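Student: here is the input, now give the coordinates:
(2 chains)
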Number of protein chains: 2
Amino acid sequence: MNEKSPDRITPRAEDYSRWYLDVIRQANLAEAAEVVKGCMVIKPHGYAIWEKIQRALDDMFKATGHQNAYFPLLIPESFITKEAEHVEGFSPELAVVTHAGGKKLEENYVIRPTSETIIGHFFSRWIESYRDLPMLINQWANVMRWELRTRMFLRTSEFLWQEGHTAHASHEEAREEVLRMLGIYSKFAEEWMAMPIIRGVKTQTEKFAGALESYCIEAMMQDGKALQAGTSHDLGQNFGKAFDVRFQTAEGKMEYVWQTSWGVSTRLIGGLIMTHSDDNGLVLPPKLAPIHIAIVPILKAGSEAIVVEAGESVKKELSDRGLSVVFDTRDYKPGFKYFEWEQKGVPLRIEIGPKDVEKGSVAVKGRLADKKEFWERAGLGERVVKWLDNFQQELFETARERRKDNTVRIDTWDEFKSVFADQDSKFAYCHWDGTAETEAKIKEETRVTVRCIPENAEEEDGACVFSGKPSKRRVLFAKAY
Amino acid sequence: MNEKSPDRITPRAEDYSRWYLDVIRQANLAEAAEVVKGCMVIKPHGYAIWEKIQRALDDMFKATGHQNAYFPLLIPESFITKEAEHVEGFSPELAVVTHAGGKKLEENYVIRPTSETIIGHFFSRWIESYRDLPMLINQWANVMRWELRTRMFLRTSEFLWQEGHTAHASHEEAREEVLRMLGIYSKFAEEWMAMPIIRGVKTQTEKFAGALESYCIEAMMQDGKALQAGTSHDLGQNFGKAFDVRFQTAEGKMEYVWQTSWGVSTRLIGGLIMTHSDDNGLVLPPKLAPIHIAIVPILKAGSEAIVVEAGESVKKELSDRGLSVVFDTRDYKPGFKYFEWEQKGVPLRIEIGPKDVEKGSVAVKGRLADKKEFWERAGLGERVVKWLDNFQQELFETARERRKDNTVRIDTWDEFKSVFADQDSKFAYCHWDGTAETEAKIKEETRVTVRCIPENAEEEDGACVFSGKPSKRRVLFAKAY
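Tutor: The predicted model follows:
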């Protein structure tokens, strides 16, 4: 909020981690809470992006028949222990409420790290017959996982997310749901975030604690590392059995339901930053930009009135087309304003001075353009809309090209180690023998993990890049955030 | 979710508290969590109402220059103690996190009961100069106050709300903000909720812990009790001093900021229920109804196709006008469907059978109408829109009439005791001597409290209804939820 003394943004080539934090600070997206370990404050510009994300996803969830609901923040500690893998996965990360209302509690509560258990409990109360299925619920909420190493947006102790929870009469239907929601996440990532993704399934080591299988979308960040950007879990009957969620079939038999869960979080904002931004600051795809256009007037004594009038008229024309426009008449120099809107990721800047008004044109600069262009004032609205559509598409293409340039097929362990030396990462398609043991050894030696077994992986006979054992298909390796 | 075996709704005259819970259960709005003390699950139909409330208020907040942000759920325990009245007011209700990540914490955290303290901390980091003011922030969040006696929506340990937090350069500006937001709450209550309110200021006993003054809106429920439906607090410099939030004035002096906070919560849903609903279930004003119209086809062998076609065409015409429509083709009897949509508070029901199609009409029943009407199919969309506008207005008028009929001026203690005997309550305008002592004695003897000192209270010489001491104006007394 104090943007009066902007600091330098560290270039990516110098220090990628510092660049990331600098972009966040200079765009005023968030700051570390410090007084609350591992937590952050999401500031207005960051929260406005989250609201755009929420609106787009929520519309898609509702269009596919899901309804929002809200479940308690606190979960009885005993609930977490009911599903064996779940407790093992989440126990180390729990925040525990032991006292309330001035007294020690009889049973502790944990702050939800995710809500499968408490929702499982309510599903068991609500579901009686096949007529109650499918049950398609989503929740927008905060969750808490006590993390040792945190990084703003990507991994914080508290974060905001949505968690879908559904129950179905058959495994087949549940699997359709898992893939339907993975499809929605993929569409959102590529068409809204302009962030190309690889769809696939997690290894048993990397899957959600308590799932049969976890599907995911993985995106490449500018440094070649992978970001898990969304997950959709086939929970099988694991939670159904743990919480006794049974239904009477049409034939009168009692069966456990088949469940799914799926979620994306504020970490997507970290993905946005690391996919598109540059050394000048944040870059946002128009579909998620809280402000599409900043109009900066060049005010000179004597011509102020006509310039302000021209600016207002441009603002009105663009606002009428549903765009979000700032007409920045603050008492700062134009250069200061250019700098600020650039750092905040506004896709398009329009400058209007007395000469522009005279000529019936405006000066225009795209967020990634090298220099200004001059556009005719007449027909400006239509041209801006087209430009924004194009910019959205260009960001996606650029990210896809970058991924293509940084994707390799590796067949030897030496090459693997060389590609992943030090901080380096790429997307590497390699053969893997399918064992958790090999996965663990590779991770230990190189910090590289199997990001997913890609959905469309072709069958191909090969030898594991680490163990040399036979393998039927290549999987996606990368370092991950 | 299992609505297959609807139970009876207890009539209001028989047991008002039970009626309230029955309406919630039958409309499928929420249920007590039980396994989490004092908490509730907000089910899809209840949450959809909350989403409507959020959208309307959020638009008004943004239109008045406020921005949303998100602050940590957990607050260091020491923060709460920094403002003397604040700690006294909230300490008994805190839920405390003592362990996290498998270890005992060095300092405990409390789950936010409200966020003045943590936001005060960040304001002190963000605000340096008068140029940073006013700072106008709102947060949509969950909060926790460990309550002994809970009642669904009205008072639960966890609830959802919005909390506005603003900082200003002068007390005058802060007071303008307090009244601006009170005005928005009033407008929302009356124009969206169709719930007439009295605006006023709280007594020092009833004000927010840490405020100079608390403004409120008070609504009358059907049983004559009052519901505090929204509050807007003038915090003065109390939190500014506690968290060292200072700014440099234009003249170069350092001063503490003047702050406000204001909030409404999911308790508004309780207010909606107790303002409009009847012995047949929920009644909703159209502006907050998740479903405006339920179309129920009367399906008979041989004419199903034309009835479904007619129903689809009505649905399309109404949806195109921005209304939310359910075309209920489920395999249940019409009577069951009528009952269900009635209990869920859908304002208008449309029935279409083969004869209606033949005649070019539809059967229509308003939620509070005694019997069906037949409306021409031609021009239906326009008529429905008008009907809904009217219904919204009628609900407001009915509630205002009820309040008028149940509002009294009382000048003697005997009359006071008689009006407020047992469970009874009205809105009573009485003289009060202005002392906390008298307020406490009245409350102890009758459970009646001063709801507010109304904004427009006329000066009038009188004697306190309890102590007989002199008083300059009447204040509003009632029992409260």
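Student: by mean pLDDT, which helix or strand of chain A comes out lowest?
Tutor: helix A:84-90 (a mean of 88; mean pLDDT, DSSP states H and E).
Student: close to chain B, is that one?
Tutor: No. Contact of helix A:84-90 with chain B (C-beta under 8 Å from any C-beta of the partner chain) is absent, the minimum separation being 11.3 Å. From N, CA and C alone the C-beta is placed, and that goes for glycine too.
Student: need the pLDDT of the closest residue to chain B within the stretch 351-481 of chain A.
Tutor: In the stretch 351-481 of chain A, no residue comes nearer to chain B than residue A:481, which is 20.2 Å away by C-beta to the nearest C-beta. In this model, residue A:481 is scored at 95, pLDDT.
Student: beta partners of residue A:144?
Tutor: residue A:158 (DSSP bridges).
Student: just to revisit the earlier point, wait, the residue of the stretch 351-481 of chain A closest to chain B sits on residue A:155?
Tutor: Yes. Using C-beta atoms under 8 Å, residue A:481 is in contact with residue A:155, at 7.5 Å.
Student: who has more neighbours, those two?
Tutor: Set side by side, residue A:481 and residue A:155 show more neighbours around residue A:481, with 21 against 17, by other C-beta atoms under 10 Å in any protein chain shown.
Student: tell me the contacts of that one?
Tutor: Contacts for residue A:481 (C-beta atoms under 8 Å, 6 or more residues apart in numbering or on different chains) come out as A:151, A:154, A:155, A:221, A:225, A:226, A:227, A:228, A:270, A:274.
Student: do residue A:96 as well
Tutor: A:77, A:108, A:109, A:110, A:111, B:97, B:98, B:99, B:100.
Student: check contacts around residue A:92.
Tutor: Applying C-beta under 8 Å, 6+ apart, we find residue A:92 in contact with A:146, B:101, B:102.
Student: go ahead and confirm residue A:109 touches residue B:36.
Tutor: Yes. Counting by C-beta under 8 Å, residue A:109 touches residue B:36, with 6.8 Å between them.
Student: more neighbours: which of those two?
Tutor: Shown here are residue A:109 and residue B:36; by other C-beta under 10 Å, residue A:109 has more neighbours (26 against 22).
Student: for that one, helix, strand, or coil?
Tutor: strand (DSSP: H, G, I helix; E, B strand; the rest coil).
Student: quick check: the gap between it and residue A:83.
Tutor: 18 Å (C-beta to C-beta, to the nearest Å).
Student: for residue A:129, same thing?
Tutor: From residue A:129 over to residue A:83 the distance is 24 Å, taken as C-beta to C-beta.
Student: neighbour-wise, which of those two wins?
Tutor: residue A:83 (22 against 14).
Student: now that one: closest residue in space, sequence neighbours ignored.
Tutor: Distances taken as C-beta to C-beta, 6 or more residues apart in numbering or on different chains place residue A:242 nearest to residue A:83, at 4.3 Å, with adjacent residues excluded.
Student: and the helices in chain A?
Tutor: A:16-26, A:44-63, A:77-80, A:84-90, A:116-126, A:171-187, A:238-242, A:267-276, A:304-320, A:334-343, A:354-359, A:380-405, A:413-419, A:436-446 (DSSP state H).
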